[in-house]
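**Student:** sharing a sequence plus its predicted fold:
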Amino acid sequence: MPVKKYLKETIKVGDRELSVETGRVAKQADGAVVVRYGDTMLLVAAVGAQTPREGIDFFPLTVEYREHNYAAGRIPGNYFRREGRPNEKEILTSRLIDRPCRPLFTEGYRNETQVIASVISADPDNDPDVIAITGASCALYLSDIPFTTPIAGVRVGLIEGRYIINPTYDEVRESRLNLIVAGTEEAIVMVEAGAKEVSEEIMVEALMLAHKEINRLCRWQKELYKALDIQKRPVEPPVLNEELVAEVERNYAERLRAALDTTEQGKQPSYAAVDALKKEVVEAYPEDQPQLRQMAKKVFDHLKEKIFRDDILNNRRRPDGRRFSEIRHVESEVGWLPRVHGSALFTRGETQAIVTTTLGTKEDEQFMDDLEMGEVKRRFLLHYNFPSFSVGEVGRFGSPGRREIGHGALARRALDAVLPEESTFPYSLRIVADITESNGSSSMATVCGGSLSLMDAGVPIKAAVAGVAMGLVMEGNKYAILSDIAGAEDHYGDMDFKVAGTKDGITALQMDIKIGGVNAQIMAEALGQARKGRLHILSVMEQALAAPREAMSPYAPRIILIKINPDRIRDVIGPGGKIIRSIVEETGAKIDVEDDGTVSIATSNNEAAQAAIDRIRGLTAEAEIGETYLGTVSRIVDFGAFVEIFPGTDGLLHISEIADHRVRDVRDELKEGQQIMVKCIGKEGNKIKLSRKSILRQEKQKTETAGHGDGE
């Protein structure tokens, strides 16, 4: 292994310095860098096996991103007190790194390769995710691994009309846009965004600004590469047998074109016809020549892609005969499941989703470890499930994979922008999307179904949200933008571009590009075409349900908010939670108490809710000067009596305030347990002063007045 050269360089990105250091840490990895932005630092290491993995026809790349709690000066909050399985943020960031890097390895490279990005220092301002993208590129590019085109990652925010490069955590929370872009020197290759109904024009401007910064970072990496004088490993690119290509095309092209046509047949019959033809092609060659048969398979797949792209670009025809901007038939039904809080059955072409909304209370919030803030709570959950039967296959049935978590996160971002504030709608929300059929963009079906199920549940969302998946096929100056892409168009196309939003603007965007570049004009055209598709889908959804239902499901909990003095919280909780537990047991209501004195009472039984309110009001009620109360004498002392006017709240009735005449002995007038009317005449801190004398005088005056009236 050659001795690694040491190098450390910096470049300004946004308003901070980004530094990359190599040759000091993890020198036995093929490539390793320590990348720093502010006080956030990552160690990113890359290793590629020296020999290809036998018997595979794909590139075995794994990317792992991990956030160590020690980086933020914390100990993990779980039972084992150490980092365990990756959390959602780590999985999503691993995907952010993987997606732009994977297409840029030299074609034909089949060596098992691993990239590990570890957060080793975390400041309270800078999110490590975009830094990890640039760090992964540096680790791969500044090594002998055949990764020959550097990339970089940049985040863009939008506050009061001003774009911000790599905004801080606080700025992201304030921003209308949270856009992550990865790209090469020439073009954008990946986009991930959440937004608050921003226009297509704003999105294009932000993308172009991001790429301007990415271009600088990529050129900078090329300078580092030259300084280190790196030699890349040679890779033999795959070569097809041209004679075999010509033979298969001559004998089978027309039949394959017919099999790929889904105008008259659905996805499954088309796939079956293609598979049968592929088997026929392979079996046309001698069984004792396995290498020739293997080459025939590759030639067949090459021909399939060639026919698809030729039909799109030259014949201007999609496999199912649709116009390039045409959306497949859409059907939506709400209230489909009788016992859930909100439900929708959304179908678009051969993609279908059952989407449900469940309303919960404060105790249903998700607790998560966060590198920035420690333990945080999430009130809105969206879970996406993709069972194998949805594509007519047999598969593993287990915990969600990275793809499912990524699709769920995209749909959650799309809907999060329109949710009501917790102060006006104090419910936890969980959406579950079960994909029952799939042929193109089930994540966007999740967005549409999720929006409908929220409205069906009576959640007062600001506007309905729909999503559409766009595609691009491009060769030279020829290109075609496709709306609502199906599975084959996604697989053989050059771009997968998902856009979700309301009629007023974009709320989420995700894009992956497989080719060298897409210019601003094509980007703007694709976004404009996506908007037309989105508005069409929204109009169909509106026919099923135009606005959130006014009444929630009778099976959903009702949450009532009341405010109490924060100083009286302990009176509701009681020693060891004894009192609040007794209220819950007696009424059956769920009760949550916040530090600011907000009490939420959740139950589907109105009587139980009122009983809980009465108990809490009784425990926390406070005396007001001038008000009268029916109290119980709890204790007699020489200078007066203590009267309980609320449960657990006593006031002092001084001997001078017991009667309208001189009292020599309190016991001559009162006895313990006696109920009397008293008036609050003063408060000093927690001390309450009561008077019975003033009430007796008032009663006497009323009696005398009534007597004079009778005499007249």
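**Tutor:** Good, I have the coordinates.

**Student:** and stretch 38-57, how far out from the chain middle?
**Tutor:** Here stretch 38-57 is found 28 Å from its chain centre; the criterion is C-alpha atoms, centre = their mean, to the nearest Å.

**Student:** buried ones in it?
**Tutor:** 38, 40-48, 52 (16 or more other C-beta atoms under 10 Å). (C-beta placed from N, C-alpha, C; glycine too.)

**Student:** try stretch 309-325
**Tutor:** Within stretch 309-325, the residues that count as buried by 16+ other C-beta under 10 Å are 309, 311-313, 317-320, 322, 325.

**Student:** need the contact list for Leu619.
**Tutor:** By C-beta atoms under 8 Å, 6 or more residues apart in numbering, the contact set of Leu619 is 568, 571-572, 579, 646-648.

**Student:** and for Thr149?
**Tutor:** Thr149 sits next to 104, 141, 184-185 when contact means C-beta under 8 Å, 6+ apart.

**Student:** now do the same for the closest residue to Ala621 other than its chain neighbours: its pLDDT.
**Tutor:** Leaving aside its chain neighbours, Ala621 sits nearest to Phe646 (4.6 Å; criterion: C-beta to C-beta, 6 or more residues apart in numbering). Listed pLDDT for Phe646 reads 79.

**Student:** what number of residues lie near Phe646?
**Tutor:** For Phe646, the neighbour count with other C-beta atoms under 10 Å is 18.

**Student:** and Gln698, by the same measure?
**Tutor:** Using other C-beta under 10 Å, Gln698 is surrounded by 13 other residues.

**Student:** gap between it and His654?
**Tutor:** Gln698 is 18 Å from His654, where distance means C-beta to C-beta, to the nearest Å.

**Student:** now for the host helix or strand of Ile591, which elements pack on it?
**Tutor:** Per DSSP states H and E: Ile591 is located in strand 590-593. Judged by 3 or more C-beta pairs under 8 Å, 6 or more residues apart in numbering; DSSP states H and E, strand 590-593 is in contact with helix 569-573, helix 578-587, strand 598-603.

**Student:** for this protein, what's the longest strand?
**Tutor:** When the chain is scanned for its longest strand (criterion: DSSP state E), the result is strand 40-52.

**Student:** of the contacts of Thr149, which is the most crowded?
**Tutor:** Among the contacts of Thr149, Tyr141 has the most neighbours (other C-beta under 10 Å), with 26 neighbours.

**Student:** how far away is that one from Val119?
**Tutor:** Tyr141 sits at a distance of 21 Å from Val119 (criterion: C-beta to C-beta).

**Student:** and for Leu140, the neighbour number?
**Tutor:** Each residue near Leu140 was counted by other C-beta under 10 Å, and the total is 26.

**Student:** not counting its neighbours along the chain, what's nearest it?
**Tutor:** Nearest one to Leu140, counting by C-beta to C-beta, 6+ apart, is Phe147 at 3.9 Å.

**Student:** run through who's touching stretch 330-347.
**Tutor:** With contacts defined as C-beta under 8 Å, 6+ apart, stretch 330-347 is touched by 348, 352-359, 437, 445, 448-450, 452-459, 537, 540-541, 543-545, 552-553, 555-556.

**Student:** related to what we said a few turns ago, so which of the contacts of Thr149 is the closest to Thr703?
**Tutor:** Thr184 (95.6 Å; C-beta to C-beta).

**Student:** make sure the closest one is actually in contact with Gln221.
**Tutor:** No - in this structure, Thr184 is not within contact of Gln221 by C-beta atoms under 8 Å, at 10.3 Å.

**Student:** which residues are common contacts for the two?
**Tutor:** Common contacts of Thr184 and Gln221, defined by C-beta under 8 Å, 6+ apart, comprise Pro150.

**Student:** quick one: strands adjacent to the longest strand of the chain?
**Tutor:** Using DSSP bridges, the strands paired with strand 40-52 are strand 31-37 (antiparallel), strand 111-121 (antiparallel).

**Student:** what mean pLDDT does the shortest one have?
**Tutor:** Mean pLDDT, taken over the full extent of strand 31-37, equals 97.

**Student:** how far off centre is that strand?
**Tutor:** Counting by C-alpha atoms, centre = their mean, strand 31-37 comes out at 28 Å from the chain centroid.

**Student:** what do you get for the longest one?
**Tutor:** Here the centre of mass of C-alpha atoms in strand 111-121, compared against the chain's by C-alpha atoms, centre = their mean, lies 24 Å away.

**Student:** quick one: buried residues of the biggest helix by length in the chain?
**Tutor:** Secondary structure of the chain per DSSP state H: the longest helix is helix 200-228. By neighbour count with 16+ other C-beta under 10 Å, helix 200-228 contains the buried residues 200, 202-211, 213-218, 220-221, 224-225, 228.

**Student:** and Ala276, how far from Ala253?
**Tutor:** Going from Ala276 to Ala253 by C-beta to C-beta gives 16 Å.

**Student:** can you read off the pLDDT for Glu712?
**Tutor:** pLDDT, read off for Glu712, is 42.

**Student:** show me where the stretch 551-700 of the chain has helices.
**Tutor:** For the stretch 551-700 of the chain, applying DSSP state H, counting those that start in this stretch gives helices covering 569-573, 578-587, 606-620, 666-669, 693-711.
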